[in-house]
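Visitor: okay, sequence plus prediction incoming.
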Amino acid sequence: MLYRLRHYHDAWLLRATQRRLSELDVRLWACDGGITVLSMVSTTDVHMYLLAVTSFAARCPVGRVCVLDDGSLKPRDRAMIEQRIPFVEWLDIDAFRNVRLPRGGCWERLHAQVALARHDYVIQLDADTLSTAALDEVVAAVGEERPFLLGTRQGHMIGSARAAAAWAKRELEAGDEHVQTLAETALSTLDGTGRLRYVRGCAAFSGLPPSRIDLETLYTWSSRFAEVLGGRWTEWGTEQFMSCLLISNLEDSQVLPHPKYSTCPEAPGVDHAFVHFSGYCRYRAGTYRMLSRRLIAQLEQRRDAVIGSG
C-alpha cells in the first residue's frame with residue numbers, strides 16, 4: 001500500500017513537471033535538410049513526448065516530425081502538439097497495418113519507419129527519452145547516412161547472428177522464456193548462409209537512412225519468423241527484435257556508444273547524452289523528473305524561442 005501511494009505521488013510530481021513545458025512559448029520549426037523524426041504517441045504520453053522531441057530537436061536538425069496516433073489521442077492532445085510543432089504530420093495507425101505483420105506491439109511504428117525511409121533519413125524516437133547533451137554520434141550518422149541502434153547492457157556491438165542464437169539458447173535453457181529470446185534462438189535456423197548479423201539492442205531510438213530497407217523485406221522476414229514461432233510471434237517484443245535484426249544487417253550500421261546512450265542507467269549524469277527512461281525507471285530516485293526540470297529550465301531561458309529554424 002505504501003509503495004503504491006509513493007508511486008502515485010511520484011507520478012503526480014512528474015506530470016506536474018511535464019505540464020510546465022506546455023506553459024512555455026517554445027515552438028519547433030523545420031530545419032532545411034533536417035531529418036524525419038517518427039514517434040508513436042498515446043494520450044497518456046503527450047507531455048512526455050513534447051519534452052522528448054523538443055530536447056532532441058535542440059541537439060539534432062529536424063526537418064519533419066511525424067506522429068503515429070496509437071488510436072487514443074484526443075482533439076486536445078493533437079491541439080497541444082500542433083501548438084508546439086506547427087508542422088507536425090499525423091499518421092493514421094490503420095495505414096500501417098498489414099496481414100503479414102503482427103497487429104499492435106509497436107509493429108505499426110516499425111512499418112511506418114520503413115515506409116517513411118523510402119526517401120528520408122528517419123529516426124524513431126520514443127516518448128520516454130531525453131536528450132541531455134550533444135548527440136555527436138547521431139549527427140555524424142545522419143550526415144554519413146549510416147544506420148544506428150540504441151544499445152543495451154547485453155548488446156553493445158553487432159555480431160554474428162549464430163553467436164546470438166547460441167547465447168539465447170543458453171538463456172532459454174536457464175528459464176528465460178521471453179519471446180525475444182525465443183526469436184533469437186530461431187536465428188540459427190533461419191541464417192542459411194551464416195552471414196546474418198544481430199545485436200540485442202533497443203527499439204526506442206534508431207536511425208534508418210533512405211532506401212536501405214524496403215517493405216517487402218520487412219514482410220518476408222516477419223512471415224519467416226511467424227512460421228517458426230507460430231502464435232508467439234504476435235507477442236510484445238517481436239517488433240524490437242525485428243528492428244534490431246533489420247538494422248544490424250545494413251551496411252555500416254552501428255550501435256551508439258553505451259552507456260553514453262542507454263536505457264535506465266543507474267545514475268544518469270554527465271557521462272550520458274541520451275537516456276531512455278523505460279517503464280519503472282521513470283520513477284526511480286526522481287532522476288527523470290530532475291532531468292526534465294533541468295531541461296525545462298533551459299527552455300525557460302529561451303522563452304518565445306524557435307527551436308530548429310533554418
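Guide: That came through, no problem. Fair warning: this is a prediction, and the values are worked out from it, not measured in the lab. Residues are numbered from 1 along each chain as shown.
Visitor: residue 119: what's it in contact with?
Guide: 210, 211 (CB atoms under 8 Å, 6 or more residues apart in numbering). For every residue, glycine as well, the C-beta is placed using N, CA and C.
Visitor: just to be sure, it is in a helix?
Guide: No: under the criterion used here (DSSP: H, G, I helix; E, B strand; the rest coil), residue 119 is coil, not part of a helix.
Visitor: nearest the middle, which residue of this protein would you pick?
Guide: residue 204 (2.2 Å; CA atoms, centre = their mean).
Visitor: so what's residue 111 closest to, chain neighbours aside?
Guide: Distance criterion CB to CB, 6 or more residues apart in numbering; nearest residue to residue 111, sequence neighbours excluded, is residue 96 at 4.1 Å.
Visitor: so the one you found touches residue 68, yeah?
Guide: Yes: with contacts counted by CB atoms under 8 Å, residue 96 reaches residue 68, the gap being 7.0 Å.
Visitor: could you say which helix or strand contains the spatially closest residue to residue 257 that is not a sequence neighbour?
Guide: Sequence neighbours aside, residue 137 is the residue nearest to residue 257 in space, at 6.4 Å (criterion: CB to CB, 6+ apart). Assigned by DSSP states H and E, residue 137 falls within helix 136-144.
Visitor: shared neighbours, residue 96 and residue 68?
Guide: Both residue 96 and residue 68 are in contact with 108, 109, 112, where contact means CB under 8 Å, 6+ apart.
Visitor: need the pLDDT of the last one.
Guide: Confidence per residue is given as pLDDT, and for residue 112 that number is 98.
Visitor: check the gap between it and residue 91 for me.
Guide: Here the criterion is CB to CB, to the nearest Å. By it, residue 112 lies 6 Å from residue 91.
Visitor: shared neighbours, the two?
Guide: Joint contacts of residue 112 and residue 91 (CB under 8 Å, 6+ apart) are 38, 66, 68.
Visitor: partner strands of the one helix or strand the first one maps to and their direction?
Guide: Spelled out, that is residue 38. Secondary structure from DSSP H and E places residue 38 in strand 35-41. Using DSSP bridges, strand 35-41 pairs in its sheet with strand 62-69 (parallel), strand 122-125 (parallel).
Visitor: of these, which stretch is the most buried?
Guide: strand 122-125 (a mean of 25; mean count of other CB atoms under 10 Å).
Visitor: low-confidence stretches in this structure?
Guide: Along the chain, segments meeting pLDDT under 70 span 1-25, 285, 302-310.
Visitor: all helices for it, in order.
Guide: 2-22, 46-57, 75-84, 107-116, 136-144, 161-173, 179-185, 187-190, 215-229, 238-248, 287-300 (DSSP state H).
Visitor: put together JSON lines for those, with distance to residue 34 on each row.
Guide: Below are those laid out as JSON lines (distance: least, CB to CB, whole Å):
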{"stretch": "helix 2-22", "distance to residue 34": "21"}
{"stretch": "helix 46-57", "distance to residue 34": "8"}
{"stretch": "helix 75-84", "distance to residue 34": "16"}
{"stretch": "helix 107-116", "distance to residue 34": "14"}
{"stretch": "helix 136-144", "distance to residue 34": "9"}
{"stretch": "helix 161-173", "distance to residue 34": "34"}
{"stretch": "helix 179-185", "distance to residue 34": "32"}
{"stretch": "helix 187-190", "distance to residue 34": "35"}
{"stretch": "helix 215-229", "distance to residue 34": "24"}
{"stretch": "helix 238-248", "distance to residue 34": "21"}
{"stretch": "helix 287-300", "distance to residue 34": "19"}
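Visitor: quick one: those as TSV, columns for distance to residue 126 and mean neighbour count too.
Guide: Output for the helices of the chain, formatted as TSV (distance: least, CB to CB, whole Å; neighbours: other CB atoms under 10 Å):
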stretch	distance to residue 126	mean neighbour count
helix 2-22	15	13
helix 46-57	7	24
helix 75-84	16	15
helix 107-116	9	23
helix 136-144	14	16
helix 161-173	23	17
helix 179-185	17	21
helix 187-190	25	17
helix 215-229	20	16
helix 238-248	11	24
helix 287-300	13	17
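Visitor: out of the ones you listed, flag the one nearest residue 208.
Guide: Distance to residue 208, taken as CB to CB, is lowest for helix 107-116 among the helices of the chain, at 5.8 Å.
Visitor: tell me which other helices or strands the closest one touches.
Guide: strand 35-41, strand 62-69, strand 122-125, strand 202-208, helix 215-229, helix 238-248 (3 or more CB pairs under 8 Å, 6 or more residues apart in numbering; DSSP states H and E).
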